[in-house]
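Engineer: dropping the sequence and predicted coords here.
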Amino acid sequence: MDTRNIIIVGSGPAGLTAAIYAARANLKPLVIEGYQSGGQLMLTSEVENFPGFEHGVMGPELMKNMRAQAIRFGAEFISADATKVELQAGVKKVWVDKTEHHAKTLIISTGASANLLGLKNESRLMGRGVSTCATCDGFFFRDKPIAVIGGGDSAMEEANFLSRFGSKVYLIHRREDFKASQIMIDRARANPKVEFILNTILEDVLGENEVTGLRLKNLKTQQTSELKVEGVFVAIGHTPNTKLFAGQITIDDKGYIRTSSEKTHVAATNIPGVYACGDVQDSRYRQAITAAGSGCAAALDAQHFLENHEA
């Protein structure tokens, strides 16, 4: 069995950038992109904050172009999920079903999945008024009423951020107490554009081709009502896609892969030759551009490892 220089697991902006850099270095990377390739940007309609696109670009189009760029330089792709890994040995092993692949280095870029409520129209209207990223999509809701669902720091932060754009921001939470820190709660309460709707759950999102409102249920009175909004941001956290690597690599208390804090080899994990990039190791920024930057770092770190290993 051939031992490759680099295997990349995952194919969002981080993984594809890593593939471009590794392929241009003539390292012939193998990208196990998954059945649902492209990461969170495949669920994003228009991206306006990725440099180089004056008039914006559709998320799927951006991912298609990045993938084609990686192929142009020699990256190979498998459109299936990695099902098992062995990371501890010198040669890293990755299985796709029963097929085994070997590499000297491994780059993990499996991303993080936004936690959703599981409502009937939530996924159907994703990118058409439903979002999980205020900094990505807030601009599209200028002078429009917006709702934020959640009670943690991220919900408070997104409500405050969205108040820069929306005419009104409703923060909807199922309880009266919050997981958010007090300072974040105080900031949201002090914001004249933010209105708290408590003891209330979102039963469904309304609208055919775009969001027109929400159906809410008050848990104290059991009464249902409709709230007219044009955007709803689900801010109930993210789950990093690290299940495949559990027990083999250092993961923090939130489930994210821990990478080096040193100025050199910033993408390095605790296992020599294994690197992580993108949302699977970034619980703070979660932007396409920061993911791409970390993918570049991971590829360069892996290249440096290979140069030293072969010396």
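Structural biologist: Received the coordinates, thanks.

Engineer: state the helix or strand in which residue 82 lies.
Structural biologist: If you go by DSSP states H and E, residue 82 is not part of any helix or strand.

Engineer: count of neighbours near it?
Structural biologist: 22 (other Cβ atoms under 10 Å). For every residue, glycine as well, the C-beta is placed using N, CA and C.

Engineer: go on, residue 76?
Structural biologist: 15.

Engineer: worst-scoring helix or strand of this protein, pLDDT-wise?
Structural biologist: strand 46-47 (a mean of 81; mean pLDDT, DSSP states H and E).

Engineer: and the next element down the chain from it?
Structural biologist: Counting by DSSP H and E, what follows strand 46-47 is strand 57-58.

Engineer: run me through the strand neighbours of that next one, direction for each.
Structural biologist: Strand pairing for strand 57-58, determined by DSSP bridges: strand 46-47 (antiparallel).

Engineer: tell me the contacts of the nearest residue to residue 39 once chain neighbours are set aside?
Structural biologist: Nearest non-adjacent residue to residue 39, counting by Cβ to Cβ, 6 or more residues apart in numbering: residue 12, 2.4 Å away. For residue 12, the contact set (Cβ atoms under 8 Å, 6 or more residues apart in numbering) comprises 38, 39, 40, 41, 63, 109, 111, 278, 279, 291.

Engineer: assign the third one to helix, strand or coil.
Structural biologist: In this case it means residue 40. Under the three-state scheme (DSSP: H, G, I helix; E, B strand; the rest coil), residue 40 adopts helix.

Engineer: what about it, how many residues nearby?
Structural biologist: Residue 40: 23 neighbours (other Cβ under 10 Å).

Engineer: I'd say it and residue 116 touch.
Structural biologist: No - assessed by Cβ atoms under 8 Å, residue 40 is found out of contact with residue 116, at 12.0 Å.

Engineer: any stretches of the stretch 201-311 of the chain with poor pLDDT?
Structural biologist: 310-311 (pLDDT under 70).

Engineer: select the longest strand from this structure.
Structural biologist: Longest strand in the chain by number of residues (criterion: DSSP state E): strand 99-108.

Engineer: what comes up buried for that strand?
Structural biologist: Neighbour counts over strand 99-108 (16 or more other Cβ atoms under 10 Å) mark 101, 102, 103, 104, 105, 106, 107, 108 as buried.

Engineer: ditto for stretch 167-187
Structural biologist: For stretch 167-187, a neighbour-count test (16+ other Cβ under 10 Å) marks 168, 169, 170, 171, 172, 173, 178, 179, 180, 184, 185, 187 as buried.

Engineer: can you check stretch 55-71 too?
Structural biologist: Across stretch 55-71, burial judged by 16+ other Cβ under 10 Å covers 57, 59, 60, 62, 63, 66, 67, 69, 70.

Engineer: got a list of contacts for it?
Structural biologist: With Cβ under 8 Å, 6+ apart, stretch 55-71 has contacts from 11-13, 16-17, 19-20, 23, 29, 31, 33, 37-39, 41-48, 50, 53, 77, 127, 288.

Engineer: hey, what's residue 195 bridged with?
Structural biologist: Residue 195 has these beta-bridge partners by DSSP bridges: residue 170.

Engineer: contacting residues for it?
Structural biologist: 168, 169, 170, 171.

Engineer: please tell me how far it sits from residue 169.
Structural biologist: Per Cβ to Cβ, to the nearest Å, residue 195 is found 7 Å from residue 169.

Engineer: just residue 122 next, same as before
Structural biologist: Distance of residue 122 to residue 169, computed by Cβ to Cβ: 19 Å.
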